[in-house]
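A.B. asks: return atomic coordinates for the entry below.
(chains A and B)
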2 protein chains.
Amino acid sequence: MECLVREDAVDKRIKVDLALVHYPVVNKNSEIIGSAVTNLDVHDLARACRTFGINNLYLVTPFRDQQRMIGEILDHWLTGYGSEYNSNRKDALSIVKICDDLEQLFAEVTEKWHERPIILATSARQCPKTWAYEKVREKIFAGDRFLILFGTAWGLSPVVIESLDGTLPPLSGFSDYNHLAVRSAAAIILDRLLGDWQRKI
Amino acid sequence: MECLVREDAVDKRIKVDLALVHYPVVNKNSEIIGSAVTNLDVHDLARACRTFGINNLYLVTPFRDQQRMIGEILDHWLTGYGSEYNSNRKDALSIVKICDDLEQLFAEVTEKWHERPIILATSARQCPKTWAYEKVREKIFAGDRFLILFGTAWGLSPVVIESLDGTLPPLSGFSDYNHLAVRSAAAIILDRLLGDWQRKI
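C.D. replies: Here you go, the predicted structure:
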């Protein structure tokens, strides 16, 4: 297990990791399932994470064939033809790590930061123990460690959500529609927490 | 050409369209090209547009085979098996329209709104005639019509960008990396312009 803190040209106050969870998540019937890894999730989330100074993007799946597939995608872009074709993609995907389960994930980030980070879930539904975005943003830039979990399929298992330190509020616009892709939701949440809009918006 | 304004349960002040442009865009060598349509762009952008009250998502491509492919995707989700499997996806994809080129796009939105909207480009680079996000947000909720253009590949042709009313500022975090997916960038920009974070952030 590698436990080094990455040292890129990002704001040194940011000590935040993101995890995309494929098990345990729920399907449309609220049953606990393990979902398949989506190639474009890996690319889009890695690029967004790298843009917003996230330390590592963890992909959580217990399935060995899925882990092998992620390994092949990463090999292509980190050391294969992809690394020459598009070095920016190599840069983004270099922050991706694979974990078997949440227990391993929590152990790894705790070892990396020498303390257990504040672990928050995201959900399309209103959940208990909500942390406002501005509060989390303030704590991040005060140096607190955070791990933010995103669920694939129809979202993280409610049992997992309840076991964590809290939840970020659901995203919404001024409409009746509440079905963003996890790729879109993660990008928006990263911008709310870590975008430089205080300078530029 | 249909020119009806859609009537969903969205905030009636919002009169904004979004377009994903596949020609004219540039490749990594800054040459003008026509790009291929990406299935997941259509889904992710439609879901984000529907969340944030966008009236129509226009896909601009002059290639008939690409238009046919989009048509098949839409048929599957609007009237085929997909419409039963996931009615939320049907709802989102119902706002998608196809245009041959920018000229047709501009004519269609002008006819729909009974006036030419303010047309803004997006770019990962700093461009002339920048409009601050907060200024555009204020004008949207004051009832002004807007059309926001996103380029695929390495972005909109510079000639197109210069010909429009202005450009939204590039997105960035506190890092040295500036290569978001268009899916991620569009989601963030929609949240900045149309998210209900004034109530909830």
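
A.B. asks: from now on I want contacts and neighbour counts done on CA atoms only, so please keep to that.
C.D. replies: OK.

A.B. asks: name the helices or strands packed onto the helix or strand containing A:D17?
C.D. replies: In this assignment (DSSP states H and E), A:D17 forms part of strand A:15-21. If you count contacts as 3 or more CA pairs under 8 Å, 6 or more residues apart in numbering or on different chains; DSSP states H and E, strand A:15-21 packs onto strand A:57-60, strand A:145-151.

A.B. asks: for chain A, what lies in contact range of chain B?
C.D. replies: A:8-11, A:44, A:47-48, A:50-53, A:88, A:132-134, A:169, A:171-181, A:183-185, A:187-188, A:191, A:194-196, A:200-201 (CA under 8 Å from any CA of the partner chain).

A.B. asks: which of those residues fall in helices?
C.D. replies: The helices, defined by DSSP state H, take in A:44, A:47-48, A:50-51, A:88, A:133-134, A:183-185, A:187-188, A:191, A:194, A:200 from those.

A.B. asks: which parts of chain A are strands?
C.D. replies: In chain A, the strands defined using DSSP state E lie at A:15-21, A:25-26, A:32-33, A:57-60, A:96-99, A:118-121, A:145-151, A:166-167.

A.B. asks: poorly predicted segments of chain A, please.
C.D. replies: For chain A, the stretches with pLDDT under 70 are A:1-8, A:198-201.

A.B. asks: longest helix in chain A, by residue count?
C.D. replies: helix A:64-78.

A.B. asks: can you pull the buried residues of that one?
C.D. replies: A:Q66, A:Q67, A:I70, A:I73, A:L74, A:D75, A:W77, A:L78 (16 or more other CA atoms under 10 Å in any protein chain shown).

A.B. asks: would you mind measuring from the fifth one to chain B?
C.D. replies: Pointing back at A:L74 there. For A:L74, the distance to chain B (CA to the nearest CA, to the nearest Å) stands at 17 Å.

A.B. asks: now that residue: closest residue in space, sequence neighbours ignored.
C.D. replies: Among residues not flanking A:L74 along the chain, A:L93 sits closest, at 6.7 Å (CA to CA, 6 or more residues apart in numbering or on different chains).

A.B. asks: okay, the one you found and chain B: tell me how far apart.
C.D. replies: 12 Å.

A.B. asks: that residue against A:D44, yeah?
C.D. replies: No: look at A:L93 against A:D44 with CA atoms under 8 Å: they stay out of range, at 9.6 Å.

A.B. asks: output stretch A:144-159 as CSV, restricted to C-alpha atoms.
C.D. replies: What follows is stretch A:144-159, C-alpha atoms only, in CSV (Å, rounded to 0.1, in the frame of the first residue of the first chain):
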residue,chain,number,x,y,z
ASP,A,144,-8.7,19.8,7.5
ARG,A,145,-8.5,16.5,5.7
PHE,A,146,-11.6,15.2,3.9
LEU,A,147,-12.7,12.1,2.0
ILE,A,148,-15.7,12.6,-0.2
LEU,A,149,-17.6,9.5,-1.3
PHE,A,150,-19.7,9.2,-4.5
GLY,A,151,-21.9,6.2,-5.3
THR,A,152,-22.4,4.7,-8.7
ALA,A,153,-25.7,3.1,-9.9
TRP,A,154,-28.6,4.6,-7.8
GLY,A,155,-26.3,5.8,-5.1
LEU,A,156,-24.4,4.7,-1.9
SER,A,157,-26.0,2.2,0.4
PRO,A,158,-28.0,4.0,3.1
VAL,A,159,-26.3,2.0,5.7
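
A.B. asks: quick one: contacts of that stretch?
C.D. replies: A:14-28, A:30, A:32, A:35, A:109, A:113, A:116-124, A:140, A:182, A:186 (CA atoms under 8 Å, 6 or more residues apart in numbering or on different chains).

A.B. asks: okay, buried residues for that stretch please.
C.D. replies: Buried residues in stretch A:144-159, counting neighbours by 16+ other CA under 10 Å, are found at A:144-158.

A.B. asks: burial count for A:D101?
C.D. replies: 17 (other CA atoms under 10 Å in any protein chain shown).

A.B. asks: OK, contacts around it?
C.D. replies: Contacts of A:D101 (CA under 8 Å, 6+ apart): A:Y23, A:V60, A:T61, A:P62.

A.B. asks: so can I have TSV of those residues showing neighbour count?
C.D. replies: Formatted as TSV, the contacts of A:D101 follow (neighbours: other CA atoms under 10 Å in any protein chain shown):
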residue	neighbour count
A:Y23	24
A:V60	25
A:T61	23
A:P62	17
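
A.B. asks: nearest to B:P128, of those?
C.D. replies: Among the contacts of A:D101, A:V60 lies closest to B:P128 (CA to CA), at 42.8 Å.

A.B. asks: measure the closest one to A:N39 for me?
C.D. replies: According to CA to CA, to the nearest Å, A:V60 stands 14 Å off from A:N39.

A.B. asks: swap in A:A132?
C.D. replies: 31 Å.

A.B. asks: now A:E111
C.D. replies: From A:E111 over to A:N39 the distance is 28 Å, taken as CA to CA.

A.B. asks: and what of A:K28?
C.D. replies: As judged by CA to CA, A:K28 and A:N39 stand 21 Å apart.
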